[in-house]
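Asker: Just need the structure, nothing else, for what follows:
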Amino acid sequence: MQKPNERLKGQTAIVTGSSSGIGAAVALALGRDGANVVVNYNSSDEGAQEIAKQINDDNLCGEAIVVKCDVSKEEDVQNMFKQTIDKFGTVDILVANAGLQKDAPLHEMTLEDWQLVIDVNLTGQFLCAREALREFMRRGMRPEVSKSLGKIIHMSSVHQIIPWAGHTNYAASKGGLVMLMESICQEYAPLKVRCNSIAPGAIKTPINKEAWESDEALEKLNKLIPYKRIGVPDDIGSATAWLASDESEYINGTTLYVDGGMTCYPGFTTNG
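Answerer: Numbering: from 1, shown residues only. The predicted structure is shown next:
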């Protein structure tokens with residue numbers, strides 16, 4: 001964990017899906033760097049309250065509140081932004097992190113499971129980005145806190161470029177995020193909005209526990225990672241805090257892969 005600093009002081013961040021895993025690490029990292037943080041959850045109030053408590057009580061710099069929101073529902077998203085603005089005055093940073101998996105071979109996948117993943121992983125990120133853009137433009141520049149009008153960070157995956165058999169709905173949702181993010185950049189960069197994605201590789205979270213909980217599984221996983229270790233949520237939290245800060249001000253419309261080199265396809269080390 002990085003030491004606290006104040007590079008996000010005076011700014012407010014919404015982190016969707018931040019009651020556990022990657023989202024929780026992102027919320028803590030942004031709070032540690034001075035931002036006020038909205039800890040969003042859909043089903044785990046207890047987890048969200050614990051993350052908010054850490055930000056508020058454990059000598060971190062920012063203040064945190066908890067907001068329940070299903071990001072796939074327009075009214076919920078609008079209400080989350082309203083609560084944030086009522087409390088903190090504005091939104092400076094959106095980290096659209098909420099996501100899920102409903103895995104099956106494509107010929108067995110139900111329309112319901114396809115739609116759920118697209119609704120949360122892609123439509124949810126659209127709804128949150130749209131509200132963030134509206135607030136950035138309403139509020140205007142705040143040069144005393146940031147060189148950018150606002151920052152949007154989409155949480156994607158290495159599977160935005162690596163096909164994933166048995167997870168087609170998930171991979172399709174992440175592939176769609178590339179064009180969503182790049183199109184937002186193209187359209188709103190002239191207003192000084194920065195929009196980027198972070199693409200985690202294999203990260204040690206409960207959602208993929210079966211891939212790392214045994215020595216055998218971890219050894220198999222590490223064959224896909226040139227750096228030879230699975231990532232941890234703090235790896236993503238640190239990258240997100242930096243990408244949200246003015247230290248990365250000229251980075252726009254790109255994906256930052258945090259994957260230990262997984263996208264270098266280590267299977268081809270010896271000519272494939």
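
Asker: in the stretch 51-200 of the chain, which ranges drop under the pLDDT threshold?
Answerer: 59-60 (pLDDT under 70).

Asker: Swap in 90 and give it another go.
Answerer: 57-62 (pLDDT under 90).

Asker: Could I get the full set of strands for the stretch 151-272 of the chain?
Answerer: Assigned by DSSP state E, counting those that start in this stretch, the strands in the stretch 151-272 of the chain fall at 193-200, 255-258.

Asker: Also the stretch 1-150 of the chain?
Answerer: 12-15, 36-41, 64-68, 93-96, 150-155.

Asker: now the ones you listed as TSV including mean neighbour count and distance to residue 267?
Answerer: C-betas here are computed from N, CA, C, even on glycine. Formatted as TSV, those follow (neighbours: other CB atoms under 10 Å; distance: least, CB to CB, whole Å):
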stretch	mean neighbour count	distance to residue 267
strand 12-15	30	34
strand 36-41	29	37
strand 64-68	20	42
strand 93-96	30	31
strand 150-155	26	26
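
Asker: which one of the ones you listed lies closest to residue 260?
Answerer: Nearest of those to residue 260, taken as CB to CB: strand 150-155 at 17.1 Å.

Asker: any idea how far the residue nearest to residue 176 when sequence neighbours are not counted lies from residue 74?
Answerer: For residue 176, ignoring the flanking residues on the chain, the nearest one in space by CB to CB, 6 or more residues apart in numbering is residue 122 at 4.7 Å. From residue 122 over to residue 74 the distance is 14 Å, taken as CB to CB, to the nearest Å.

Asker: Between the two, which has more neighbouring residues?
Answerer: The neighbour count for residue 122 versus residue 74, taken as other CB atoms under 10 Å, is higher for residue 122 (21 against 15).

Asker: So that one sits against residue 177, correct?
Answerer: Yes: counting by CB atoms under 8 Å, residue 177 is a contact partner of residue 122 at 6.5 Å.

Asker: which neighbours do these two share?
Answerer: When contacts are counted by CB atoms under 8 Å, 6 or more residues apart in numbering, the set common to residue 122 and residue 177 is empty.

Asker: ok, the residue nearest to residue 176 - contacts?
Answerer: 173, 176, 177, 180.

Asker: Also residue 168?
Answerer: 106, 109.

Asker: Surely residue 127 and residue 77 touch.
Answerer: Yes: between residue 127 and residue 77 there is a contact at 4.4 Å, judged by CB under 8 Å.

Asker: hey, what's in contact with both of these two?
Answerer: residue 71.

Asker: how much space between residue 13 and residue 117?
Answerer: 25 Å.

Asker: circling back: any chance of JSON lines for the strands of the stretch 1-150 of the chain, columns distance to residue 214?
Answerer: Listed next are those as JSON lines, based on distance: least, CB to CB, whole Å:
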{"stretch": "strand 12-15", "distance to residue 214": "31"}
{"stretch": "strand 36-41", "distance to residue 214": "29"}
{"stretch": "strand 64-68", "distance to residue 214": "34"}
{"stretch": "strand 93-96", "distance to residue 214": "32"}
{"stretch": "strand 150-155", "distance to residue 214": "27"}
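
Asker: No further questions, thank you.
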